[in-house]
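Q: Give me the fold of what follows.
(chains A and B, ligands or ions: 1)
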Amino acid sequence: MLGDSTSSYIVGAFEHPTRRADGVSTARLHAEVAQGALADCGLSLDDVDGYFCGSDAPGHGPLLIAEYIGLRNLKYIDSTETGGSSYLLHVEHAVQAIAQGRCNVALITMADRPIAGNAGHSIAGVDFSASPDLPFMPPVPFAPVYGYAMVAKRHMHEFGTTSEQLAWVKVAASHHAQHNENARLRQVVDVEDVLNSPMVADPLHRLDCCVVTDGGGAIVIARKEIAESLNRPRVRVAGTGSALHHNNGGWFDPLTSAGVASGRTAFEEAGVTPRDIRYASIYDSFTITVLIQLEDLGFCDKGTGGRFVADGNLISGVGRMPINTDGGGLCNNHPGNKGGMTKLLEAVRQCRGEAHPEVQVKNHDWVLAHGTGGIMPGAHAAGTVILAAG
Amino acid sequence: METSFSHLDGLEQFWDGATEGKLTLRKCDDCDKLYFYPRQLCPMCGSASTQWVVTSGRGSVYAHSIVRRSRRLAATAIIELEEGPRIPTALVNCDVHQVQIGDTVEVSFQQKKDALPSLAFTTTAAQEARAYSETAQTSSTSIPGIEPGDHTADYTQAAVIGAGRMGAGISTALLLADIPVILIDQDPDALNGAREGIISLLEVSVSKGKLTEQQASQCLANLNTDTQMQAISGADLVIEAVYEQMGLKKTIFAEMDKFAPKGATLATNTSTLDIDEIAAVTDRPGSVIGLHFFSPAHVMKLLEVVRGRETKGETIARAMKLGTRIRKVPVLVGVCYGFVGNRLLLAREKQAGKLLLEGALPDQVDRVLREFGLPMGTFELQDMAGGIELDYRSRQESGEKDFVIDELFAKGRLGQKTGKGYYSYEANSRKPRLDNEAISVFEAASAHYGIQRREISDQEIQDRLILLMVNEAAKLIEEGIVVRPSDIDVVWQFGYGWPNWKGGPVYWADRFGLSEIHARLSRLELACGDEFTPAALLSRLAVEGGTLGSATPGNST
Ligand SMILES: NC(=O)c1ccc[n+]([C@@H]2O[C@H](COP(=O)([O-])OP(=O)(O)OC[C@H]3O[C@@H](n4cnc5c(N)ncnc54)[C@H](O)[C@@H]3O)[C@@H](O)[C@H]2O)c1
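A: Numbers count the residues shown, from 1 in each chain, chains lettered A, B, ... in the order given. The predicted structure follows:
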């Protein structure tokens, strides 16, 4: 039963309601999100024959967690790890595996608990101690926020982008999060609130940064025939793309991400352009991350992101380009310091027309989810997924 | 376990260069481009045909962000090398708060013991300031009219009067330079305490490998203690470090004059008292000098050598030579309240106290000073050094009042040693935290003096503290207290941690611009009072041009 790579459907989606998982193991979170997503579409563990996870899955890749979750009929496994964008790449790979007839029902799980596990900003399961860059690292802590802070600083320098414009990204997220009862931060904030929050890494303030949460989510992707047999709104995976950026020997542009290439591939495959997209989930580890990706995906020109995100343009019902209507990583959820899964989940809700009525976009024929894993500038991988309703 | 050298990975050339401070990269023969990281295969085309190239190590700041959670003042940065490639790295040992995109930088590998050097950069401005600082320090030991020469006699036997904190520290510094010491105190308990203190300092040095067991026991063999002043009869150097009271010092100096052999130098460690007045009680004012050590005296590098009106050139030459021998940085200064270092410090502390009354809180003031580049803020420094108690005690004779300090003192808030002062400290922590009790003291003080508290900008705080110090420095130059302007910078670097990448108050002021400083001081004079009245020298230079650094001391017009 072969199909083309645009005839797979996201049939199940589930976001764990927890934001702080005291006394619950990471393995159990994976099992719970798996069950949640299968229940959402009415499939069972026995139907799953493809399994995808990142390094947050405890144990050795998929080896131990598959048993824990109760997956017995696996024919296809993948444990691609690219940081926060891993799950967008999993969608790409699942769709290809289904198209090649390697599996029929693919399950992707993501869950971690940095808060309860007291792990802070680390990415669980990833060992950076033998990184080839390590001997050349500076004698000071080089947390991811500094990379994004430098991108923001340079963007401001070259294009006149302002802290106020960046703050609008957070303001938009907070407007959406007020309607999400599970959101970590539900209070609506304004530009002043963001600018008055403590400086974390100049020019990024605390409110320019995403939340740190426990939790996770899962996605079930199925072949067309199976999707059609299920009683859920159809969400077709119309296009996918992924790309890797590294320092290229020092000859790189810190203001441009791998999203240019991943986006181009996905748009080409889906046969649409950014103008056709009425809702986008855009990875929002920091406010500047959103701005760069919107430019790179072609929602606006390079350098104009500041003006594009300002004045409520990202707020559903207010602006022209609503994004992250669940509150995003900036306000709702950024489980395990990896926001790719939650980006997919809200994109699926929007595409189904099942987002919160206050934030549901009217025309949801085409939606997009996009993520960046790793650190900008420097080594990172982008994944883009374009979904079509019906 | 593998050592970090396992990362050599064919990169010996890179690390050899790094050890010499050079940035060596690979160049791909096929792409004809230099690349970073210096991997074996070209990351752009995979070619194995590459050569090593020593780069200029220079570049400019493409972007940067200050690292806030590090004890070390640093910024992450992307540096664009002159040769083109961009390197994600850090800026260290420079004024990161002032760095701008485009500033020029140079490579500055941080050498580490038993490990590969860390790649980092520093600014060209910081390198220039360091070069200035080195010259300033070297020149500070040469005194016009006084030939430092081999004929200047070394001291062979020292006596230290007063076995308190300073006496013990000074004795240790002397002993470590193989100078025998007789430590004298009227109080036998103080002598025992000092001896124990010296023993434990020596033990620490031994355990750190800085001293051999044998050297330590030689030091101890060179230490004698006594309760009688007669014991100084064999000393050619006597250093007084008793309580800071003029009457007492005069009595002690009269005795020193009586018992010390002819030709012996009589020195005082006073911080604030008039050395000429002390010298006047002796029959040898030419041999009286100030040796102003800083606490802890065996650690702090700075030694202010205070020249009295009558002090002979030979006494100065011997004292300066001693300073170098005991591995201090000796700086010759003249008599005035606070000499050079404390004069600027006290002016700053007093002004900081006013800022508290007007509405600032200690953490804002301290942050501004740290962001300016100083290692510590003024209030955390006072909490560490016991400044509240010192200030309180110094006013008890005159009966002068200070609401904030008197209240803090009354509440047992003496600084770190009582767990609270301007800030409070958790057990075993030196991290200052603001607490409500202290804040209510500051607010009550404002009410007491009828001052309306207001929000004070960081810029105003910086101007009122730093420009005041610059103004005081200008006065020191015009009063001829220093031999040369750069000596003020040497004092502030070695006594108070002014970073060498920022030169010192004089160097900083000249780069900031004297006419701007003059204008700001004049505005502050109108707004805050005559402590900001610009020094005559500053007023002249602001009009005529010229720098503080090249001004001739003792000459304001
Ligand atoms: N503490 C500092 O940070 C510091 C720094 C620089 C200079 N100083 C100056 O050093 C001097 C001593 O300061 P300290 O902090 O060591 O004081 P301290 O109170 O710790 O020690 C003073 C010692 O002098 C002894 N003493 C008093 N009267 C004496 C007498 N008549 N004969 C013999 N011994 C007598 C006391 O018993 C005591 O041990 C002061 O002039 C002070 O201004 C102090």
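Q: Pull up the residues of chain B that are close to the ligand.
A: Residues of chain B lying close to the ligand (Cβ under 6 Å from any ligand atom) are B:161-167, B:185-187, B:190, B:241-244, B:248, B:252, B:269-271, B:293-295. Every C-beta, even on glycine, is put in place using the N, C-alpha and C of the backbone.
Q: Which of those fall within helices?
A: In this view, the residues of chain B next to the ligand that belong to helices under DSSP state H are B:165-167, B:190, B:248, B:252.
Q: where do the strands sit along the stretch 151-300 of chain A?
A: Assigned by DSSP state E, counting those that start in this stretch, the strands in the stretch 151-300 of chain A fall at A:199-201, A:204-205, A:215-223, A:235-245, A:279-282.
Q: which other residues reach the first one?
A: When you say that, I think you mean strand A:199-201. A:143, A:145-146, A:148-149, A:205-206, A:208-209, B:65-68, B:76 (Cβ atoms under 8 Å, 6 or more residues apart in numbering or on different chains).
Q: any idea which of these is least confident?
A: Minimum pLDDT across those is recorded for B:R68, with 82.
Q: and that one, what does it touch?
A: Per Cβ under 8 Å, 6+ apart, neighbours of B:R68: A:199-201.
Q: can you do 7 Å?
A: Going by Cβ atoms under 7 Å, 6 or more residues apart in numbering or on different chains, B:R68 touches A:A201.
Q: Would you mind listing where the stretch 51-200 of chain A has pLDDT under the threshold?
A: With pLDDT under 70 as the threshold, the stretch 51-200 of chain A has no low-confidence stretch at all.
Q: can you tell me the residue of it closest to chain B?
A: Using Cβ to the nearest Cβ, A:P138 is the residue of the stretch 51-200 of chain A that sits closest to chain B, at 3.2 Å.
Q: Pretty sure that residue sits in a strand.
A: No - counting by DSSP: H, G, I helix; E, B strand; the rest coil, A:P138 is not part of a strand but coil.
Q: doesn't B:T89 make contact with it?
A: Yes - at 4.9 Å, A:P138 and B:T89 qualify as touching, with contact defined as Cβ atoms under 7 Å.
Q: With the flanking residues excluded, which residue is spatially nearest to A:I288?
A: Among residues not flanking A:I288 along the chain, A:A152 sits closest, at 4.0 Å (Cβ to Cβ, 6 or more residues apart in numbering or on different chains).
Q: Quickly check: stretch B:103-113 near chain A or not.
A: Yes - using Cβ under 7 Å from any Cβ of the partner chain, stretch B:103-113 comes into contact with chain A via B:Q110.
Q: could the ones in helices among the residues of chain B next to the ligand go into a markdown table alongside distance to B:S446 and neighbour count?
A: Formatted as a markdown table, these follow (distance: Cβ to Cβ, whole Å; neighbours: other Cβ atoms under 10 Å in any protein chain shown):
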| residue | distance to B:S446 | neighbour count |
| --- | --- | --- |
| B:R165 | 34 | 16 |
| B:M166 | 36 | 23 |
| B:G167 | 41 | 27 |
| B:A190 | 42 | 19 |
| B:L248 | 38 | 13 |
| B:I252 | 43 | 24 |
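Q: List just the nearest of those residues to chain A.
A: So of those, ranked by how close each gets to chain A (Cβ to the nearest Cβ), first place is B:R165, at 35.1 Å.
Q: mind checking how far the closest residue to B:W498 other than its chain neighbours is from B:G554?
A: Leaving aside its chain neighbours, B:W498 sits nearest to B:W492 (3.9 Å; criterion: Cβ to Cβ, 6+ apart). Distance of B:W492 to B:G554, given as Cβ to Cβ, to the nearest Å: 20 Å.
Q: same question, A:H380
A: Shown here: A:H380 relative to B:G554, a distance of 63 Å by Cβ to Cβ.
Q: what residue of chain A is the furthest out?
A: Ranked by distance from the centre of chain A (Cα atoms, centre = their mean), the top residue is A:P139, with 31.5 Å.
Q: sorry, back to before: kindly reformat the ones in helices among the residues of chain B next to the ligand as a markdown table containing distance to B:I146 and pLDDT.
A: Putting those into a markdown table (distance: Cβ to Cβ, whole Å; pLDDT from 0 to 100) gives the following:
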| residue | distance to B:I146 | pLDDT |
| --- | --- | --- |
| B:R165 | 31 | 93 |
| B:M166 | 26 | 96 |
| B:G167 | 28 | 97 |
| B:A190 | 36 | 96 |
| B:L248 | 31 | 96 |
| B:I252 | 27 | 98 |
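Q: For the stretch 151-300 of chain B, which segments count as strands?
A: Going by DSSP E, counting those that start in this stretch, the stretch 151-300 of chain B shows strands at B:158-161, B:181-184, B:223-226, B:237-240, B:265-268, B:288-293.
Q: Show me what the second one packs onto, helices and strands only.
A: The reference is to strand B:181-184. strand B:158-161, helix B:165-176, strand B:223-226 (3 or more Cβ pairs under 7 Å, 6 or more residues apart in numbering or on different chains; DSSP states H and E).
Q: most centrally placed residue in the chain?
A: No chain was given, so I picked chain A. Central residue of chain A (Cα atoms, centre = their mean): A:G340, 2.1 Å from the mean position.
Q: sorry, should have said chain B
A: B:Y496 (2.3 Å).
Q: Give the residue from A:P138 and B:T89 that has the larger number of neighbours.
A: Ranked by neighbour count (other Cβ atoms under 10 Å in any protein chain shown), A:P138 and B:T89 place B:T89 first, with 27 against 23.
Q: Could you pick out the residues of chain B near chain A for me?
A: Within chain B, the positions lying close to chain A (Cβ under 7 Å from any Cβ) are B:7, B:33, B:35-37, B:42-44, B:62-70, B:72, B:74, B:76, B:78, B:85-90, B:92, B:101, B:110, B:116, B:118-120.
Q: hmm, which of those are the buried ones?
A: B:33, B:35-37, B:42-43, B:62-67, B:74, B:76, B:78, B:85-90, B:92, B:101, B:110, B:116, B:118-120 (16 or more other Cβ atoms under 10 Å in any protein chain shown).
Q: can you pull up the bridge partners for the residue of the stretch 251-390 of chain A found nearest the ligand?
A: Distances between the stretch 251-390 of chain A and the ligand by Cβ to the nearest ligand atom are smallest at A:F286, namely 46.8 Å. Listed by DSSP bridges, the beta-bridge partners for A:F286 are A:C209.
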